[in-house]
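Asks: Structure for this input, please:
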Amino acid sequence: MPTYICSFEKPEGVRRFFLWSTFVDAPVSYACSIAELEDYYRDMYGQAGMGALPARIERAISKGTSSFIDESLHDLVRGNRAGPDETELTYDELIEYIMNPPTEPADAGSEVKK
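Replies: This next block holds a predicted model:
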């Protein structure tokens with residue numbers, strides 16, 4: 001199952017990125033800068049995996065997601081299971097969630113990378 005790079009711009013013009021899993025239909029990271037995304041991507045996929053990153057970031061910036069299937073970030077997150085008990089969050093609720101990570105993990109064994 002793919003993981004997509006997602007992008008949105010905050011009202012003050014700051015661009016943020018996060019990762020979306022089609023396996024869980026929910027974000028698997030919190031909002032981060034492009035530098036944090038690149039560091040994470042390098043850690044996960046190594047230097048050899050960095051070759052595909054610029055095109056994926058470009059797609060994420062231009063339409064909100066690196067997905068070839070979805071037309072926008074709104075399309076991608078429709079039908080998500082990111083809320084409590086896998087309920088669907090609205091787009092605005094989802095953005096609020098990834099912008100405000102909990103101070104402590106909900107489950108000691110399930111920390112999400114920030």
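Asks: State the distance from Trp20 to Thr103.
Replies: 23 Å (C-beta to C-beta, to the nearest Å). Where you see a C-beta, it was placed from the backbone N, CA and C, and this is true even at glycine.
Asks: Looking at the two, which one has more neighbours?
Replies: Using other C-beta atoms under 10 Å, the more surrounded residue of Trp20 and Thr103 is Trp20, with 28 against 5.
Asks: Need the CA coordinates for the host helix or strand of that one. CSV is fine.
Replies: When secondary structure is defined by DSSP states H and E, Trp20 falls within strand 15-21. Presented in CSV, the C-alpha positions along strand 15-21 are these (Å, rounded to 0.1, in the frame of the first residue of the first chain):
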residue,chain,number,x,y,z
ARG,A,15,4.0,25.3,3.4
ARG,A,16,3.8,22.1,5.5
PHE,A,17,4.1,18.5,4.5
PHE,A,18,2.9,15.2,6.0
LEU,A,19,2.7,11.5,5.0
TRP,A,20,-0.5,9.7,4.2
SER,A,21,-1.0,5.9,4.3
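Asks: and it, average pLDDT?
Replies: Mean pLDDT, strand 15-21: 97.
Asks: Quick one: residues in contact with the helix or strand just after it.
Replies: From strand 15-21 onward toward the C-terminus, using DSSP H and E, the following helix or strand is strand 26-27. Strand 26-27 is touched from outside by 6, 18-21, 80-82, 94, 97-98, 112, with contacts defined as C-beta atoms under 8 Å, 6 or more residues apart in numbering.
Asks: any idea how far strand 26-27 is from the chain center?
Replies: Between the mean C-alpha location of strand 26-27 and the chain-wide mean there is a distance of 7 Å, by C-alpha atoms, centre = their mean, to the nearest Å.
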